[in-house]
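Colleague: show me how the following folds:
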Amino acid sequence: MNRYKNTLTVLITLIILSGCAGMKPSPKYTSDKSGSRKSSPVANRKSKNMPPLSVATRLSSPIKLSMLNSINRYKGVPYKWGGDTMKGMDCSGFTMKVYGESANKTIPHHAASQYKLGTKVSRKRLKFGDLVFFRDIESKGVSHVGIYIGNEEFVHASLSKGVVTSSMKQPYYAKRYVSARRLLR
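Modeller: Predicted coordinates:
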């Protein structure tokens, strides 16, 4: 009977530990001396909110692979209105930099102006790299932009968290979603 208990205890412990092995930690934000928030590169790489590198194997072009690298490089950069550097960037600065670096496309540093580019795409047909647009509840115009990465997720510069991945299913974004535009073929 005692041998049965020991075997059962070991088996249960192994099951619990193997379940935890697949869990990924959330990104950890820390403050530097200037007070801006950053995420460590290690936390970024392990975050479930970061586009997995396996996405790269499903991408059909070198431009999209380059875009994935740019997106990953900017993860954790703090939000700064009007910014487009590693020290801080806003949503349209983020999309402008990613498209400029990876696709050699010059796009304006303004979400509403970016909304006029490319071709309209239905939500059902979104692909990696499409720009997704959102509005403030109080206004009808576009006020926020991000880059769609698949699985109902997009990367953007959040006012409170900097450059992060968010779900389009989150009530906040689902309520504010306007449309999407495709700039890449």
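
Colleague: tell me which residues in the helix or strand Tyr172 falls within are buried?
Modeller: For Tyr172, the host element (DSSP states H and E) is helix 171-176. Buried residues in helix 171-176, counted by 16 or more other CB atoms under 10 Å: Tyr173, Arg176. Backbone N, C-alpha and C define where each C-beta goes, glycine included.

Colleague: can you give me the strands in this protein?
Modeller: Ranges of strands within the chain are 29-31, 37-39, 84-85, 88-89, 119-121, 131-135, 142-150, 153-158, 162-167, 177-182, based on DSSP state E.

Colleague: report all helices and strands that the helix holding Tyr172 contacts.
Modeller: Counting contacts by 3 or more CB pairs under 8 Å, 6 or more residues apart in numbering; DSSP states H and E, helix 171-176 packs against strand 131-135.

Colleague: just the angle between the strand it packs on and strand 177-182, please?
Modeller: Angle between the axes of strand 131-135 and strand 177-182 is 160 degrees (criterion: axes from the mean of the first three to the mean of the last three CA atoms, to 10 degrees).

Colleague: partner strands of strand 131-135, with direction?
Modeller: strand 142-150 (antiparallel), strand 177-182 (antiparallel) (DSSP bridges).

Colleague: can I get the strands of the chain in JSON lines with mean pLDDT and distance to Ser102?
Modeller: Formatted as JSON lines, the strands of the chain follow (pLDDT from 0 to 100; distance: least, CB to CB, whole Å):
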{"stretch": "strand 29-31", "mean pLDDT": "27", "distance to Ser102": "25"}
{"stretch": "strand 37-39", "mean pLDDT": "37", "distance to Ser102": "21"}
{"stretch": "strand 84-85", "mean pLDDT": "97", "distance to Ser102": "14"}
{"stretch": "strand 88-89", "mean pLDDT": "98", "distance to Ser102": "15"}
{"stretch": "strand 119-121", "mean pLDDT": "98", "distance to Ser102": "19"}
{"stretch": "strand 131-135", "mean pLDDT": "97", "distance to Ser102": "13"}
{"stretch": "strand 142-150", "mean pLDDT": "97", "distance to Ser102": "10"}
{"stretch": "strand 153-158", "mean pLDDT": "98", "distance to Ser102": "13"}
{"stretch": "strand 162-167", "mean pLDDT": "98", "distance to Ser102": "15"}
{"stretch": "strand 177-182", "mean pLDDT": "97", "distance to Ser102": "15"}
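
Colleague: this completes my enquiry, with thanks.
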